[in-house]
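Chemist: Output the structure for:
(one chain, ligands or ions: 1)
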Amino acid sequence: MDLGLAGKVAIVGGASQGIGFAIARALAREGARVVMWARRNPALENAAAQLRQEFGADVFPVLGDVRKAKDHERVVNAALSKHGRVDILVNNDGAPPLTLMMEADDEAWEKAVRQNLMSVIRMVRLCVPSMKEAGGGRIVNITALSVKAPIVGFGLSVATWAGLIGYSKTLSRELGPDGITVNTLCPGRIDTDLSQRSFKRQAEIEGRPVDAVVADSMAKIPLRRIGRPEEIGAVVAFLVSSQASYVTGTTIQVDGGALDSLL
Ligand SMILES: NC(=O)c1ccc[n+]([C@@H]2O[C@H](COP(=O)([O-])OP(=O)(O)OC[C@H]3O[C@@H](n4cnc5c(N)ncnc54)[C@H](OP(=O)(O)O)[C@@H]3O)[C@@H](O)[C@H]2O)c1
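Modeler: Residues are numbered from 1 along each chain as shown. Have a look, this model is predicted:
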C-alpha cells in the first residue's frame with residue numbers, strides 16, 4: 001500500500017528516542033522529510049544520523065522544549081524556512097511526573113497543562129495556516145491508554161490529556177472542511193526508557209515490587225506482551241497517510257487489547 005508520504009513535510013516531537021523516534025523512523029522510511037525535535041543532544045543528532053544512514057532520509061533535528069512557547073515558533077519556523085510547508089504534525093514528548101493527585105501542587109499542574117495541552121494548542125496554531133494553504137494536512141497527538149482507563153499515579157497526564165482529547169475532537173470538526181484530519185493515539189505499555197521508569201515509580205506508589213507491577217500489567221494485556229515503539233510508528237504512519245483520508249476525530253488505542261471496555 002502506498003502511503004503517499006514521499007516528500008511530505010512532517011514535524012515529530014520527542015523524536016530522539018522511544019515512540020517519537022519510531023514515528024520519525026516510520027515516516028522517514030516512507031520518504032517524508034522529517035523535522036525532529038527534542039531537548040537534548042547528542043541524542044537528537046544521533047537519532048537523525050541513524051535515519052540518514054538507514055534510509056538516506058531528509059531529516060532535520062531542532063532542539064526545543066515543548067513547555068516553551070518560543071521553542072514552538074523556532075521549530076515550526078525551521079520547518080517552514082527549510083521546506084516552505086508543514087503537511088504533518090505529530091505532537092509527542094515525555095510526560096509529566098507520576099504522582100498522587102493530592103500531592104500535586106499548583107506548579108506541577110501548571111507544568112502539566114503547559115506540556116500536554118498548551119504545547120499542542122500552540123503547535124497547531126503555528127502549523128495549520130501552512131496546511132490550509134496546501135489544501136490539507138494531518139495532525140496526530142500521542143497521549144496514553146490511561147486517558148481511557150485511568151491508573152493511580154498518572155493523574156497529571158490523564159486530566160490534561162482528557163482536555164486534549166476534547167480539544168482535538170472539536171478541532172477535527174473545525175478543520176475538516178479544510179481537509180485537515182486530527183486524531184489522537186493512546187498507546188498502552190510500550191517498551192521505552194519512559195515505561196521502565198513508569199513501572200518503577202508505579203511500584204513505589206503502590207508499595208509493591210517492580211516485577212509484580214510488570215507481571216500484573218502483562219497479565220491484563222490479551223496479547224500478553226508489552227508493545228514495541230515501531231508498532232506505534234506503523235499506526236501513526238497510516239493515520240498521517242493519504243490512505244487515512246476519511247479518518248478524523250478519533251481517539252484510538254494501540255494497546256495489545258488491554259482496554260477492557262467497548263469505548
Ligand atoms: N512508553 C509507554 O509505555 C507509553 C505508554 C503510553 C503513553 N506514552 C506516552 O508517549 C509519549 C512518548 O513516550 P516514550 O515512552 O517514547 O518516552 P521516552 O522514551 O522518554 O522519550 C521521550 C522523548 O520526548 C523528548 N522530550 C521529553 N520531554 C520533552 C520536552 N519537555 N520537550 C521536548 N521534548 C521532550 C525526549 O527527549 P529529551 O529528553 O532530550 O527532550 C525524548 O525524545 C509520552 O507522552 C508518554 O507519556 C508512553
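
Chemist: tell me which element Val124 falls in.
Modeler: If you go by DSSP states H and E, Val124 is part of helix 119-134.

Chemist: Let me see the ranges of the strands in this structure.
Modeler: Under the criterion DSSP state E, the chain carries strands at the ranges 9-13, 33-38, 59-63, 88-91, 137-142, 180-187, 251-254.

Chemist: okay, those strands in CSV with distance to Ser198 and mean neighbour count next?
Modeler: Just so you know, the C-beta spots here come from the backbone N, C-alpha and C atoms, and that holds for glycine as well. Formatted as CSV, those follow (distance: least, CB to CB, whole Å; neighbours: other CB atoms under 10 Å):
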stretch, distance to Ser198, mean neighbour count
strand 9-13, 19, 28
strand 33-38, 18, 27
strand 59-63, 25, 20
strand 88-91, 20, 27
strand 137-142, 15, 25
strand 180-187, 12, 24
strand 251-254, 17, 18
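
Chemist: got CSV for those strands, with distance to the ligand and mean pLDDT too?
Modeler: Shown next, in CSV, are the strands of the chain (distance: least, CB to the nearest ligand atom, whole Å; pLDDT from 0 to 100):
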stretch, distance to the ligand, mean pLDDT
strand 9-13, 6, 99
strand 33-38, 3, 98
strand 59-63, 8, 98
strand 88-91, 9, 99
strand 137-142, 5, 98
strand 180-187, 4, 98
strand 251-254, 9, 98
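
Chemist: Could you check how far the residue nearest to Trp161 when sequence neighbours are not counted is from the ligand?
Modeler: Leaving aside its sequence neighbours, Trp161 sits nearest to Thr143 (CB to CB, 6 or more residues apart in numbering; 4.1 Å). According to CB to the nearest ligand atom, to the nearest Å, Thr143 stands 7 Å off from the ligand.

Chemist: Ok, Leu126 next?
Modeler: Distance from Leu126 to the ligand, counting by CB to the nearest ligand atom: 15 Å.

Chemist: hang on, Val182 packs against Gly137?
Modeler: No. The pair Val182 / Gly137 is not scored as a contact, 9.3 Å apart, by CB atoms under 8 Å.

Chemist: Phi and psi next, for the residue nearest to Trp161.
Modeler: With angles defined as degrees, to the nearest 10, Thr143 sits at phi -120, psi -130.

Chemist: Count the residues that sit near it.
Modeler: Thr143 has 26 neighbours, counted by other CB atoms under 10 Å.

Chemist: hang on, the earlier thing: any chance of the strands of the chain in TSV, plus distance to Asp105?
Modeler: Output for the strands of the chain, formatted as TSV (distance: least, CB to CB, whole Å):
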stretch	distance to Asp105
strand 9-13	26
strand 33-38	27
strand 59-63	29
strand 88-91	26
strand 137-142	26
strand 180-187	27
strand 251-254	29
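
Chemist: Those strands: which one's closest to Ala48?
Modeler: Ranking the strands of the chain by their distance to Ala48 (criterion: CB to CB) puts strand 59-63 first, at 4.2 Å.

Chemist: For the closest one, C-alpha coordinates in CSV please.
Modeler: Extracted C-alpha coordinates of strand 59-63, given in CSV (Å, rounded to 0.1, in the frame of the first residue of the first chain):
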residue,chain,number,x,y,z
VAL,A,59,15.7,14.7,8.4
PHE,A,60,16.4,18.0,10.3
PRO,A,61,17.0,17.9,14.0
VAL,A,62,15.9,21.1,16.0
LEU,A,63,16.4,21.4,19.8
